[in-house]
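Asks: got a predicted structure here, sequence first:
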Amino acid sequence: MNAHAPAQLLLVRLPHGAGIELPAYETPGAAGMDLRAAVEADAPLTLAPGKRTLVPTGFVFEVPFGYEAQIRPRSGLAFKNGITCLNTPGTIDSDYRGEVKVLLVNLGEEPFVIERGMRIAQMVIAPVTQVAVQEAAEASETARGAGGFGSTGVR
Ligand SMILES: O=c1ccn([C@H]2C[C@H](O)[C@@H](COP(=O)(O)OP(=O)(O)OP(=O)(O)O)O2)c(=O)[nH]1
Ligand SMILES: [Mg+2]
């Protein structure tokens, strides 16, 4: 791969993804591409308060090796409707070849209707570092030591 060429995300459209717009960056500097709901056009999905559902995107993604796709909420849906991704950020592995689905939860007070083509979440492609795992008898000493969970104070 040319170091200056962008990594490629291959998308395979599934039959129920027919007509769904490809994920795309909405602005030149966008970090994420919006993902659309591939629910049936004549059967919108109603997500009741407190409930969760798996929303199909209509695509298999082939994330380039060395990268992951993170599925994140859209802030507008979260703020206005209480709709967020339950497992945020959802992780799409580079070797996953199933349909990408978005796990939405309704934390709002009103039922939320998900219609075909609605932009329900966004996806950020990020580099992944894999490490070799090694068991050791002791960890090295540091100034922090085992302090955590607010040990450095608030101010
Ligand atoms: O929001 C998500 C999260 C995951 N996946 C798919 C792609 C991912 O590669 C696979 C496994 O995800 P994860 O590792 O988070 O789930 P798991 O519960 O650990 O399942 P597995 O045992 O299959 O790894 O499920 C989605 O389609 N949407
Ligand atoms: Mg897993």
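Replies: Alright, I've got the coordinates. Ligands and ions are numbered 1, 2, ... in the order given.

Asks: tell me the contacts of the spatially most central residue of the chain?
Replies: When CA atoms, centre = their mean is applied to the chain, the residue found nearest the centroid is residue 71 (0.3 Å). Residues in contact with residue 71 (CB atoms under 8 Å, 6 or more residues apart in numbering) are 35, 85, 87-92, 100, 102-103, 121-123. All C-beta spots, glycine's among them, are computed from the backbone N, C-alpha and C.

Asks: name the strands paired with the lowest-mean-pLDDT helix or strand in the chain and say parallel or antiparallel.
Replies: Within the chain, no helix or strand scores below strand 24-25, which has a mean of 93 by mean pLDDT, DSSP states H and E. Looking at strand 24-25 with DSSP bridges, its partner strands are strand 33-36 (antiparallel).

Asks: buried ones in the helix or strand just after the partner strand?
Replies: Counting by DSSP states H and E, the element after strand 33-36 in chain order, helix or strand, is strand 45-47. Within strand 45-47, the residues scored as buried using 16 or more other CB atoms under 10 Å are 45, 47.

Asks: filter the contacts of residue 71 to the buried ones?
Replies: Counted by 16+ other CB under 10 Å, the contacts of residue 71 give 35, 85, 89, 90, 92, 100, 102, 103, 121, 122, 123 as buried.

Asks: quick one, what contacts the nearest residue to residue 82 once chain neighbours are set aside?
Replies: Counting by CB to CB, 6 or more residues apart in numbering, residue 108 is the residue found nearest to residue 82 once chain neighbours are left out, at 2.5 Å. By CB under 8 Å, 6+ apart, the contact set of residue 108 is 49, 81, 82, 83.

Asks: so which of these are in helices?
Replies: residue 81 (DSSP state H).

Asks: for residue 147, state which of the contacts of residue 108 is nearest.
Replies: residue 82 (35.6 Å; CB to CB).

Asks: coming back round to it: and ligand 1, which of the buried ones among the contacts of residue 71 contact it?
Replies: Checked against ligand 1 using CB under 6 Å from any ligand atom, those yield the following neighbours: 90, 92, 100, 103.

Asks: picking that back up, for the residue nearest to residue 82, give its distance to residue 57.
Replies: Distance from residue 108 to residue 57, counting by CB to CB, to the nearest Å: 22 Å.

Asks: same check on residue 5?
Replies: Taking CB to CB, one finds residue 5 at 25 Å from residue 57.
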